[in-house]
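**Q** Sequence and computational prediction follow.
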Amino acid sequence: MKHEIVTSDITVVGGGLAGVCAAVAAARLGQTVSLVQNRPVLGGNASSEIRVWVCGATSHGVHRNARETGIMGELFVENQYRNIDGNPYIWDLVVLEKVKAEPNITLFLNTDVHEVDASGDDDHRTIQAVTGWMMGSERRIRFKSRVFLDCTGDGLVGFLAGAKFRIGREAQHEFNEEWAPLVPDDITLGSTLLFYTKDAGRPVKYIAPSFAKDITQTSIPMKRVIRSGDNGCAYWWIEWGGEHDTVHDNERIRDELSSVIYGIWDYIKNSGKFDSANLTLEWIGSIPGKREYRRFVGDYVLNQNDVIAQELFEDRVAFGGWSIDLHPPQGMYATAKGSKHMHMDGSYHIPFRSLYSTNVSNMLMGGRNISASHVAFGTTRVMATCAVIGEAAGTGAALCAAKGISPRELHSEHLSELQQTLLRQDASILGVANTDEADLVRSAALTASSTLTELALEQSAGLYPLNTHVALLVPVDPFINGIALFIDATAATELTVELWNTGKPQNYVPHALVSSVVVPVSEGSEQWVTAALQWEPEHAQNAFIILKSNPSVSVHLSSRPQSGVLSFKHDATSADTVDFGDMYHHQPVIDWSPRGFLRKPICFRLLSPTSAFAAEKAADGHKRPYGSPHLWSSAGGSGAEEWLEASWTETHSIREVHVTFNDDVNEDLINLHHHRTEFEIIPELVKDYQVQAWVGESWTAVVEATNNHTRHHVHVLDSAVSTNRLRVVVASTNGSAHVEIVELRCYR
């Protein structure tokens, strides 16, 4: 047996997506990191061992422009490029490679931390070290650091350190939460095992093991959806253990889940009710995917009201968007549906005060164990949200380690620096603008080779009948003075068109009616009709334009997408489905669905010019859609090189250039098998480009990149260049007719 001591600036315990993103974030900021994981692979519930697909703020396409950026965004985009069919083992490699790319991270797999050295009284604890056993290697390793991150999910490190925590459900009165029980209890969400099937191409028999559950003697066949072609997360509802202790009863829970899976497969194969003769059971998980256990208490406990109101926390450092998704305590045996959902109107904010312990001075939390009520945890628990929380916690830890301060001190004295660091790293944070004084582009004048000023989609790819209300979302910057719609009409009629605002900048639902017009329509095909809508808001924002249902009218759908433009249909009947559980009443994001319009918005012409895509938008401080697109777009269609230029009245010595390209955060990417996105590379991404500096009397290339497929690039030049003009010159994109740059930054 070997006894070792490992010293680093930061120790991250837990190698799920939260821990991975925390470790990578801290390492990129120059801190040495020990990443300790008790399994042979990274990824936690997303790994090939458990195979839960990574859900996040998009809520499977319910929320618009909500896909995560930062490290989680890098993982999504890279997996799409390398693993379009969602192979779980390739996903493991994508995650592992992200960690191995950071020289400041030392990775310890198969290392189970089970001891914590901490000191102080109950209200003022400090962790000195944690100790783990590396399975198969007989190595006992003591990890010493200034700062520790508990990204274990179950919260073991914090528990052993004496951190304050909660298990179970709070009473309704504590946070005035509608979905909390009247009295508190220790009930949690249960755990799940998943399985994969495949067609063997020939008949395959199945003899159930003796311990298989006879599911015909349970409520499962009557209350849950069983289909022979489904597998993986289609069976998310195979859940149990919420009325037990999901940690201490883990083996019992696994055995129960396993018996049910073998029983479900027996039912599919041998009941005679399914076309399953050639199907075989390819894989079944052996480790339960846990949903819930300890939740630590931070300086703020995020609750249901914060989430639904989309509370604009001053210390926001991450966002989420998955519904508040709670499951019945009985899990798969419940007679109620397997889940119930309450959606907010758009993405909500997560405060930094929920990411550090209230009584352990050098511990932060990342993932499902953050400081949240049980009800709020129902949304923060999904993995892409855990990942962006992890990045925020890792960034905070890096700043704490560098400054020798506690997370609470970081919050009180350096909050702006934390947020600005997150923005600089392209992290998932909403509504905080770039105020980085070191960014030279903030004082530059921006110009471009061309700019999209006439917003129109005129080429039809088919018709969509107005059997229900449909809507078109467009940016209004600085005003709108009429819109033309491309329609067919089977009879002379009138079309009612309404213009609504969206309320909060991150929302894509109708909030308040601004104006309404009734448009006369003649019988005929392929006609442009004008709706004389007018609006000049106080600041740039989106307009949600509703075309009221009319069975005589069909709208034309565009043959291509347009950044900043979305379409929706109104379908209140879809709020309750057998596959996805019970939906809370009146949820606008459910009533207004984008399904059927992905990359095919309604054809239209804005009858007034737009400034939404001006060159200066690449330096307006925002790195993702927030009330408007926040990017520069070329006019498109010329086929020539396009460029975006920053110029100054004085010469600067520039050593570092940051460029963020548009990777269409509206596109709902997935890591495994929920759905398939047909292109490996986001078409809007720039493909081939140069960064050029004006030196002497000519342009000199200081960066040259080809075959790009990613969003955020930090170019450190071999030597500083003295210039008063710098530009990004784009030779080609990955399919878009427009060149689009979200942000340009320069540093000395």
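**A** Sure, I can see it. Numbers count the residues shown, from 1 in each chain.
**Q** make it CA atoms for all contacts and neighbour counts henceforth
**A** OK.
**Q** low pLDDT regions in the chain?
**A** By pLDDT under 70, the low-scoring segments of the chain are 573-580.
**Q** try 80
**A** 572-581, 586 (pLDDT under 80).
**Q** ranges for the helices of it?
**A** 17-28, 70-82, 88-100, 156-161, 172-175, 220-223, 250-270, 304-309, 374-380, 383-403, 407-413, 415-424, 588-591 (DSSP state H).
**Q** quick one: contacts for residue 120?
**A** Residue 120 makes contacts with residue 126, as judged by CA atoms under 8 Å, 6 or more residues apart in numbering.
**Q** meant to ask about residue 119, not that
**A** Neighbours of residue 119 in contact, by CA under 8 Å, 6+ apart: 125, 126, 127, 128.
**Q** What's opposite it in the beta bridge?
**A** Beta-bridge pairing for residue 119 (DSSP bridges): residue 126.
**Q** Next one: it from residue 361, what distance?
**A** From residue 119 across to residue 361, the span is 11 Å (CA to CA, to the nearest Å).
**Q** what residues are shared contacts of these two?
**A** Common neighbours of residue 119 and residue 361, counting by CA under 8 Å, 6+ apart, are 125, 126.
**Q** still on that earlier bit, determine which of the helices of the chain approaches residue 325 most closely.
**A** helix 374-380 (4.8 Å; CA to CA).
**Q** Check which helices and strands that closest one is in contact with.
**A** Counting contacts by 3 or more CA pairs under 8 Å, 6 or more residues apart in numbering; DSSP states H and E, helix 374-380 is packed against helix 304-309, strand 324-326.
**Q** just the ones you listed: most buried one?
**A** strand 324-326 (a mean of 23; mean count of other CA atoms under 10 Å).
**Q** Could you list the paired strands of that one along with their orientation?
**A** Here strand 324-326 has these sheet partners by DSSP bridges: strand 340-342 (antiparallel).
**Q** who's in contact with the partner strand?
**A** Contacts of strand 340-342 (CA under 8 Å, 6+ apart): 323, 324, 325, 326, 327, 580, 581, 582, 583, 584, 587.
**Q** Can you tell me the closest non-neighbouring residue to residue 195?
**A** Distances taken as CA to CA, 6 or more residues apart in numbering put residue 284 closest to residue 195, at 4.2 Å, once the chain neighbours are dropped.
**Q** mind listing what the one you found touches?
**A** Counting by CA under 8 Å, 6+ apart, residue 284 has contacts 193, 194, 195, 196.
**Q** got CSV for those, with neighbour count and distance to residue 156 too?
**A** Formatted as CSV, the contacts of residue 284 follow (neighbours: other CA atoms under 10 Å; distance: CA to CA, whole Å):
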residue, neighbour count, distance to residue 156
193, 30, 22
194, 27, 25
195, 22, 28
196, 17, 31
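**Q** Just to be careful, could you list which of those are in strands?
**A** Using DSSP state E, the subset of the contacts of residue 284 located in strands is 195, 196.
**Q** Identify, from the contacts of residue 284, the entry nearest to residue 526.
**A** residue 196 (48.0 Å).
**Q** Verify the stated contact: the closest one with residue 234.
**A** No. Contact status for residue 196 versus residue 234: not in contact, 10.1 Å apart, counting by CA atoms under 8 Å.
**Q** Now distance to residue 209 too, for the helices of the chain, in JSON lines please.
**A** Formatted as JSON lines, the helices of the chain follow (distance: least, CA to CA, whole Å):
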{"stretch": "helix 17-28", "distance to residue 209": "35"}
{"stretch": "helix 70-82", "distance to residue 209": "37"}
{"stretch": "helix 88-100", "distance to residue 209": "27"}
{"stretch": "helix 156-161", "distance to residue 209": "35"}
{"stretch": "helix 172-175", "distance to residue 209": "44"}
{"stretch": "helix 220-223", "distance to residue 209": "19"}
{"stretch": "helix 250-270", "distance to residue 209": "7"}
{"stretch": "helix 304-309", "distance to residue 209": "44"}
{"stretch": "helix 374-380", "distance to residue 209": "35"}
{"stretch": "helix 383-403", "distance to residue 209": "33"}
{"stretch": "helix 407-413", "distance to residue 209": "52"}
{"stretch": "helix 415-424", "distance to residue 209": "52"}
{"stretch": "helix 588-591", "distance to residue 209": "42"}
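**Q** Residue 644: which of those helices is closest?
**A** helix 415-424 (19.5 Å).
**Q** Check which helices and strands the closest one is in contact with.
**A** Using 3+ CA pairs under 8 Å, 6+ apart: helix 415-424 touches strand 316-320, helix 383-403.
**Q** For the longest strand along the chain, enumerate its sheet partners and note whether each is parallel or antiparallel.
**A** Assignment by DSSP E gives strand 712-733 as the longest strand of the chain. Using DSSP bridges, strand 712-733 pairs in its sheet with strand 642-661 (antiparallel), strand 686-695 (antiparallel).
**Q** Export those as JSON lines, with columns for distance to residue 611.
**A** JSON lines is the format used below for those (distance: least, CA to CA, whole Å):
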{"stretch": "strand 642-661", "distance to residue 611": "16"}
{"stretch": "strand 686-695", "distance to residue 611": "22"}
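**Q** And for residue 271, the neighbour number?
**A** Residues contacting residue 271 under the criterion other CA atoms under 10 Å number 11.
**Q** neighbouring contacts of stretch 531-544?
**A** So stretch 531-544 is contacted by 471-485, 497-502, 505, 508-510, 514-519, 612, 627-628 (CA under 8 Å, 6+ apart).
**Q** at 6 Å what do you get?
**A** Outside stretch 531-544, the residues that touch it by CA atoms under 6 Å, 6 or more residues apart in numbering are 472-483, 499-501, 510, 627-628.
**Q** Residue 24: which of the contacts of strand 340-342 is nearest?
**A** residue 323 (27.5 Å).
**Q** give the contact list for the closest one.
**A** So residue 323 contacts 341, 342, 343, 379 (CA under 6 Å, 6+ apart).
**Q** Need the contact partners of stretch 653-666.
**A** So stretch 653-666 is in contact with 64-65, 67, 682, 684-685, 711-717, 720-722, 740-748, going by CA under 6 Å, 6+ apart.
**Q** do that again at 7 Å, thanks
**A** Stretch 653-666 is contacted by residues 64-67, 682, 684-686, 711-717, 719-723, 740-748 when judged by CA atoms under 7 Å, 6 or more residues apart in numbering.
**Q** For residue 481, give the beta-bridge partners.
**A** Applying DSSP bridges, one finds that residue 481 bridges with residue 534.
**Q** if I pick it, what's in contact with it?
**A** Residue 481 touches 532, 533, 534, 535, 607, 608, counting by CA under 7 Å, 6+ apart.
**Q** between those, which is closest to residue 383?
**A** Distances from residue 383 to the contacts of residue 481, taken by CA to CA, are shortest for residue 535, at 40.0 Å.
**Q** What's the separation between the closest one and residue 505?
**A** 17 Å.
**Q** Just flag the most distant two among the contacts of residue 284.
**A** 193 and 196 (10.6 Å).
**Q** Out of the helices and strands packed on helix 415-424, which is the most enclosed?
**A** Comparing the helices and strands packed on helix 415-424 by mean count of other CA under 10 Å gives helix 383-403 as most buried, with a mean of 29.
**Q** and it with helix 17-28, angle?
**A** 30 degrees (axes from the mean of the first three to the mean of the last three CA atoms, to 10 degrees).
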